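In: Sequence and predicted structure below; questions after.
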Amino acid sequence: MAFSDMSQISEAIASHEKSLMIDKELGNVNGEATDLNNLGVAYQQIGDYTKAYSCFEQANTLFIRAGDRDGEGVALIGFELSILAEETMQARLKTLRSH
């Protein structure tokens, strides 16, 4: 990942975290869920799958509470894509180490 991309993702993470705090203060459950989902995507892009999983799980819980079935599906897809990305990365590392 290029440095500028990393910088942009860091800025996006900061922006989503700020938005998350505001939505929590306002009691906007759907907004919180969306912010967490967006954070999950950002963490996924930088390969921090532990944080991505956590964000997607929290987003899913909040989407369920808000009755947002579409959002729930999006969060679950994000979670699954993180699992696949991590498995792919681990397989590539294993291949590199075996050569």
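Out: Happy to help now that I have it. Residues are numbered from 1 along each chain as shown.
In: Check which helix or strand the residue positioned nearest the centre of the chain maps to.
Out: Nearest to the mean C-alpha position of the chain, by CA atoms, centre = their mean, lies residue 40 at 0.6 Å. Per DSSP states H and E, residue 40 falls inside helix 29-45.
In: Need the contact partners of that helix.
Out: Taking contacts as CB atoms under 8 Å, 6 or more residues apart in numbering, the residues outside helix 29-45 that touch it are 1, 9, 12-13, 16-17, 19-20, 22-24, 49, 51-56, 58-60, 62-63, 65-66, 68, 71, 74-75, 78-79, 81-82, 85. (C-beta placed from N, C-alpha, C; glycine too.)
In: So which bits of that helix are buried?
Out: Across helix 29-45, burial judged by 16 or more other CB atoms under 10 Å covers 29, 31-45.
In: re the thing from before, now list the buried members of the contacts of helix 29-45.
Out: Among the contacts of helix 29-45, those classed as buried by 16+ other CB under 10 Å are 9, 13, 16, 19-20, 23, 49, 51-56, 58-60, 62-63, 66, 68, 71, 74-75, 78-79, 82.
In: picking up where we left off before, for the buried residues of helix 29-45, work out which two are farthest apart.
Out: Spatially, the most separated pair among those is 29 and 45, at 25.1 Å (CB to CB).
In: which stretches of the chain aren't confidently modelled?
Out: Residues of the chain meeting the criterion pLDDT under 70: 1-4.
In: Contact partners for residue 15?
Out: Residues near residue 15 by CB under 8 Å, 6+ apart: none.
In: Just the CA trace of stretch 59-76, in CSV.
Out: Provided in CSV are the C-alpha atoms of stretch 59-76 (Å, rounded to 0.1, in the frame of the first residue of the first chain):
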residue,chain,number,x,y,z
ALA,A,59,-22.0,-2.9,13.8
ASN,A,60,-24.0,-6.0,13.3
THR,A,61,-25.3,-5.9,16.8
LEU,A,62,-26.4,-2.3,16.4
PHE,A,63,-28.0,-2.9,13.0
ILE,A,64,-30.0,-5.7,14.6
ARG,A,65,-31.0,-3.4,17.5
ALA,A,66,-32.1,-0.7,14.9
GLY,A,67,-34.0,-3.3,12.9
ASP,A,68,-31.9,-2.6,9.8
ARG,A,69,-31.7,-5.9,8.0
ASP,A,70,-29.8,-4.5,5.0
GLY,A,71,-27.2,-3.0,7.4
GLU,A,72,-27.0,-6.3,9.2
GLY,A,73,-26.2,-8.1,5.9
VAL,A,74,-23.6,-5.5,5.0
ALA,A,75,-21.8,-6.0,8.4
LEU,A,76,-21.9,-9.8,8.0
